[in-house]
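Enquirer: sequence and predicted structure, then a few things I'm wondering about:
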Amino acid sequence: MKLEANFMDFKYKVAELLSEASGISSSDLIEKIEIPPQRELGDYAFPCFVLSKSLRKAPHQIAGDLAANPILQAPFLEKVQQVGGYVNFFIKKGEYVKEVLSEVLFEGEQYARSSEGEGKTVLVEFSSPNIAKPFHVGHAFTTVLGHSISRIYEKLGYPVVRMNHLGDYGTQFGKLITAFRLWGDVDALHEAPIKELLRIYVKFHDEEKKNPDLTLRARENFRLLESGNEAEVNLWNEFRELSLKEFALIYDRLGVRFDNYNGESYYSDKIPAVVDMLNEKGLLIESEGAKVVMLDEYKLPPCIILKSDGTTIYASRDIAAALYRYDTYHFHKNIYVVGTPQALHFRQVFSVLDKAGYTFSKDCVHVGFGLVKFADMKFSTREGNIIVLDDLLKESVAKTYDIIKANAELRNTGMSESEIREISEKVGIGAVIYTFVKSGRERDIVFSWDEMLDFEGDTAPYLIYTYARSRSILRKAAEQGIFPAPPESESLLLLSTEEEFAVTRLIAEMPDAIKRAAQSYEPFMIARQTSQIARAFNRFYNNTSILNGTDLHEKEARLALCSAVCTSIAIGTNLLGIDIVERM
RNA sequence: GGGUCUAUAGCUCAGUUGGAUAGAGCAACAGCCUUCUAAGCUGUGGGUCGGAGGUUCGAAUCCUCCUAGGCUCACCA
């Protein structure tokens, strides 16, 4: 495999030197080379413990011999040192910075892009809210994660298809139709569709307890809907369209879009073929009145395909959907961003596909995520103790607005009202998004207003602020006619302080962070990398005056660093689904 | 009970696939704005990596057992 980026050459070069000195292949060595925990210990290190057996020498002795070997005295190295069982390599910082920044300045927003995914279609199913139900913070988790994972795979060159598997089918629609005919208000429905639908849905459940006849009517209405009766289908369609319209408002604010909204209803007519297929392959077994596929060889409980009343169930729908998707897209990967409570369900579905002989089952991935919950209780639509995403965004944007307004007065920035509103929207929403991608996805999130609306430290506003600050310097410099040093400029060699080097090294690690994020479906790895870049830059910013120096070349070099930082933060935040702003 | 995930600073989390003195952010305390945006920066304190064994040069990381908790285990999705 060819190493893509230039700066990787440094690690590669170190491996080559070591290979020459030790006789071990450089591809084996490159795996072992690591970055020391402390700055004073150098930029790369090679632990010699593994060699001590074959060479029959103590690790520190091997390290000493290697460090003294003249082969390792390369021009790009400042020094090579033995510490304990390690050989530590010190890179000439200016050279390193020049090479990395040249790459970033040259590539711009294309930096860290890869073509590894060319022609390999990746499907990402995410968000998937239920029609007629409020969009709460739990839905935000899958939406934010799925959006980010989609962008990450696109960055690596994969064609991505975003799928919103809407919960738009099932017996609850029989209830909704019944309820709407009894108590529905057409004006209210158009005014605020989900609010009205939820109102009659809750009322239905209350009335149902007193009047069992409602249950029968709901069941009958669902039967009519399923058999394609016009009146019921039209009503269902209207509920669906109006709900989608309302969801679209949220998706627009989050910058999320989908390639299709094929929900459960879309796949329902494809289920009979699945049942036939399983039957023909002799996998369908009658058990306790239901039709199931036994999965003992996978050490899983049986998967129900048909209920004892002959109707379908979500497993059969997911199997039908997977088959349809493979036929349609011949996907390289089929990703489901769905909560971890459904882990078993997906293992069963993938196993049924495997048992039926579909080898693409190994390309199906369930990307689970934790629960969003309060400190003391669970979210529950029925109990009404949910937080609607809209309210959360509103709070966050309002708080951001206050801060920016205050800053605008304090600093006399002359920002217009509309500009302040625009910036608040982006920063406020970014803050909410960030809370979902700042740590490992499988962790539960204990919802707290304080934490959601904390704009200091490791947060989106911090990242955006750092970007805006850096942009501000670049603007000021441009006014003075000073511009960042171009790629390959000798001026870049002047950036050799610890702080400048630290920022650069973190920028250099970004492509690797993106790859690891893709492999593990963990956007937080990008969040962390971006946050580290911002922190390192702020340290530099605080201790170094960028524009007040005396040497023009030095100013240009530092501006180049500002520019590379902006590019990196822009790339990182974009992959998380967060917008940046030029001023704040 | 079976499966599965988790347990790291007061709180929220990382820990690069087994490496050097376990790191960030909040919170606490002490500092830094006549200088490029203080949503920032610097410093201090804070740890039995849930517990006990084991594997080896070396373990927060791998294995076994134990403890506590989350999720889940056939006709909801």
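Expert: Received it, and whenever you're ready, just let me know what you need.
Enquirer: residue A:284 is in contact with residue A:292, correct?
Expert: Yes. At 7.5 Å, residue A:292 and residue A:284 qualify as touching, with contact defined as CB atoms under 8 Å. For the C-beta atoms, the positions are set from N, CA and C on the backbone; glycine is no exception.
Enquirer: now the helix or strand residue A:277 falls within: how far from the chain's centre is it?
Expert: Assigned by DSSP states H and E, residue A:277 falls within helix A:271-280. Between the centre of helix A:271-280 and the centre of its host chain there is 36 Å, according to CA atoms, centre = their mean, to the nearest Å.
Enquirer: contacting residues around it?
Expert: With contacts defined as CB atoms under 8 Å, 6 or more residues apart in numbering, helix A:271-280 is touched by A:284, A:291, A:293, A:305-306, A:312, A:316-317, A:319-320, A:323, A:352, A:356.
Enquirer: then stretch A:35-42?
Expert: Contacts of stretch A:35-42 (CB under 8 Å, 6+ apart): A:43, A:44, A:45, A:81, A:83, A:86, A:88, A:89, A:90, A:498, A:502.
Enquirer: turn those residues into TSV, including distance to residue A:431 and secondary structure.
Expert: Output for the contacts of stretch A:35-42, formatted as TSV (distance: CB to CB, whole Å; DSSP: H, G, I helix; E, B strand; the rest coil):
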residue	distance to residue A:431	secondary structure
A:43	35	coil
A:44	37	strand
A:45	38	strand
A:81	44	strand
A:83	43	strand
A:86	42	strand
A:88	41	strand
A:89	40	strand
A:90	40	strand
A:498	31	helix
A:502	26	helix
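Enquirer: if we check RNA strand B, which of the residues you listed are in contact?
Expert: Subset of those in contact with RNA strand B: A:45, A:83, A:86, A:88, counting by CB under 7 Å from any atom of the strand.
Enquirer: ok, now which ones touch the first one?
Expert: The neighbours of residue A:45, taking CB under 8 Å, 6+ apart as the test, are A:33, A:34, A:35, A:36, A:86, A:87, A:88, A:89.
Enquirer: ok, now the last one?
Expert: With CB under 8 Å, 6+ apart as the criterion, the residues that contact residue A:88 are A:36, A:41, A:42, A:44, A:45, A:67, A:80, A:81, A:82.
Enquirer: buried ones from the residues you listed, can you make that a ChimeraX selection?
Expert: Selection of buried members from the contacts of residue A:88 for ChimeraX, criterion 16 or more other CB atoms under 10 Å:
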select /A:41,42,44,45,67,80,81,82
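Enquirer: ok, of the contacts of residue A:88, which one's closest to residue A:374?
Expert: For the contacts of residue A:88, the closest approach to residue A:374 (CB to CB) belongs to residue A:36, at 43.0 Å.
Enquirer: next one: that closest one from residue A:283, what distance?
Expert: According to CB to CB, to the nearest Å, residue A:36 and residue A:283 sit 55 Å apart.
Enquirer: then residue A:392?
Expert: Going from residue A:392 to residue A:283 by CB to CB gives 45 Å.
Enquirer: which of the two has more neighbours?
Expert: Each of residue A:392 and residue A:283 has its neighbours counted (other CB atoms under 10 Å); residue A:392 has more, 22 against 19.
Enquirer: name the SS class of that one, please.
Expert: When classified by DSSP: H, G, I helix; E, B strand; the rest coil, residue A:392 comes out as helix.
Enquirer: my read is that it contacts residue A:432, right?
Expert: Yes. Using CB under 8 Å, residue A:392 is in contact with residue A:432, at 5.9 Å.
Enquirer: identify the contacts common to those two.
Expert: Here residue A:392 and residue A:432 have A:140, A:452 as joint contacts, going by CB under 8 Å, 6+ apart.
Enquirer: and the helix or strand encompassing residue A:343, what's buried?
Expert: Here residue A:343, judged by DSSP H and E, is contained in helix A:343-355. Buried residues in helix A:343-355, defined by neighbour count with 16+ other CB under 10 Å: A:345, A:346, A:347, A:348, A:349, A:350, A:351, A:352, A:353, A:354, A:355.
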